[in-house]
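1. Sharing a model prediction with you, sequence too.
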Amino acid sequence: MRRIGVNTWVWTSPLDDGALRELAPKVAGWGFDTIEMPVENPGDWAPDTARALLADLGLVASVVLVMPPGRELVRADAGTVTSTQDYLRSCVDVAAQVGSPVVAGPAYTSVGRTWRATEAGRAQDIAQLRDNLAPVLEYARQAGVTVAVEPLNRYETSLLNTVEQTLAALDGLPACGVALDFYHQNIEETDIPAAIRSATGRIAHVQVCANDRGTPGRDHLDWPALLAALDDAGYDGPLCIESFTAHNASIATAASIWRPLATSQDDLAADGLAFLKSL
């Protein structure tokens, strides 16, 4: 069976050592294999402490990066690009320390930043992305970590919305793969299984949730078809439930969570796990 994980954003933001000590045993007790930990700011939680805790619980770590306003690799001044590269390198360090083979997320511009671009302008944007991401990828390669770049829906970015766009933008770059998120794909892809298969050999991470960002299985997605496509694409990594709590003002606003998505956050995670295992 596939490993199944859950992101700590289901309950809290930002993650810290205390929250991880509380959540990790609960997650392990339910039967999750992987816990996905965001690095909102380096130092929010201690990687060495986390690694020891997860090892005691039999959990595998997965690390995701976070791109709030001010973290930019495209259409930004040199200082902003440098600070963003430094942040991404710190995420690679955290991943290496906790044993996560991947750092996943939209490693290009801040979430919610959009602009209109001509064909020529878009080509320049992609060239900037490749140039500015390259030193981070080399750093990741040396650390044995893959950067999984995630396409987002049209409301959260105008740069990389589809798997096709993302694969083209990253073509030939070392230590770089694509991160798939079924929430975004449900918005942007006309044929999700076909999009998944198009990324054969390039999928480095997968996040899952219902089409409304709630409990997997409480939705209209064709889950058997999606998982069959992942099998065909050769992906054997974890499926990580990524959702968010409506009870944390900052994360609810950032993720546009205006109502509870389940009877409780615990139910969202546990019921999602049960559904995914049933497949």
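-> Structure received. Numbering: from 1, shown residues only.
2. pLDDT of stretch 240-249, averaged?
-> Averaged over stretch 240-249, pLDDT sits at 92.
3. Let me fix that, I meant to ask about stretch 103-112.
-> 97.
4. all helices of the stretch 151-279 of the chain, in order?
-> 163-170, 182-188, 192-198, 223-232, 249-254, 265-278 (DSSP state H, counting those that start in this stretch).
5. Give me the contacts around the fifth one.
-> Residues external to helix 249-254 that are found in contact with it (Cβ atoms under 8 Å, 6 or more residues apart in numbering): 9, 13, 68, 111, 112, 244, 245, 246, 257, 258. All C-beta atoms are positioned from the backbone trio N, CA, C, and that covers glycine.
6. From what I see, residue 128 and residue 78 are in contact.
-> No - assessed by Cβ atoms under 8 Å, residue 128 is found out of contact with residue 78, at 11.4 Å.
7. Among these two, which residue is more densely surrounded?
-> The neighbour comparison of residue 128 against residue 78 (other Cβ atoms under 10 Å) goes to residue 128, with 17 against 8.
8. any idea how far the closest residue to the more buried one other than its chain neighbours lies from residue 135?
-> Distance criterion Cβ to Cβ, 6 or more residues apart in numbering; nearest residue to residue 128, sequence neighbours excluded, is residue 74 at 4.9 Å. Separation of residue 74 from residue 135 (Cβ to Cβ, to the nearest Å) stands at 15 Å.
9. More neighbours: which of the two?
-> residue 74 (23 against 13).
10. Strands along this structure, start to end?
-> Along the chain, counting by DSSP state E, strands occupy 4-7, 34-39, 60-65, 102-105, 146-149, 176-181, 203-208, 239-241.
11. Any idea how many residues pack against residue 111?
-> By other Cβ under 10 Å, neighbour count at residue 111 equals 18.
12. ugh, wrong one, residue 125
-> Other residues close to residue 125 by other Cβ under 10 Å number 21.
13. cool, and residue 129?
-> Residue 129 has 22 nearby residues by other Cβ under 10 Å.
14. check contacts around it.
-> So residue 129 contacts 73, 74, 108, 159, 169 (Cβ under 8 Å, 6+ apart).
15. quick one: contacts for the third one?
-> Under the criterion of Cβ under 8 Å, 6+ apart, the neighbours of residue 108 are 67, 73, 74, 129, 133, 149, 157, 159, 160.
16. isn't the fifth one right next to residue 73, touching?
-> Yes - with contact defined as Cβ under 8 Å, residue 133 reaches residue 73; the gap is 5.9 Å.
17. Now for the two: what residues contact both?
-> The contact lists of residue 133 and residue 73 share 107, 108, where a contact means Cβ under 8 Å, 6+ apart.
18. and residue 68, how far is that from residue 109?
-> 11 Å.
19. higher neighbour count, these two?
-> Neighbours were counted for residue 68 and for residue 109 using other Cβ under 10 Å; residue 109 has more, 26 against 12.
20. ok, that one touching residue 69?
-> No - with contact defined as Cβ under 8 Å, residue 109 does not count as touching residue 69 (9.7 Å).
21. What is the neighbour count of residue 81?
-> Using other Cβ under 10 Å, residue 81 has 18 other residues around it.
22. now swap in residue 218 and tell me
-> 17.
23. Can you tell me how far it is from residue 180?
-> In terms of Cβ to Cβ, residue 218 sits 20 Å off from residue 180.
24. Can you give me the neighbour number for the closest residue to residue 30 other than its chain neighbours?
-> Spatial nearest neighbour of residue 30, chain neighbours left out: residue 270 (5.2 Å); criterion: Cβ to Cβ, 6+ apart. For residue 270, the count of nearby residues is 20 (other Cβ under 10 Å).
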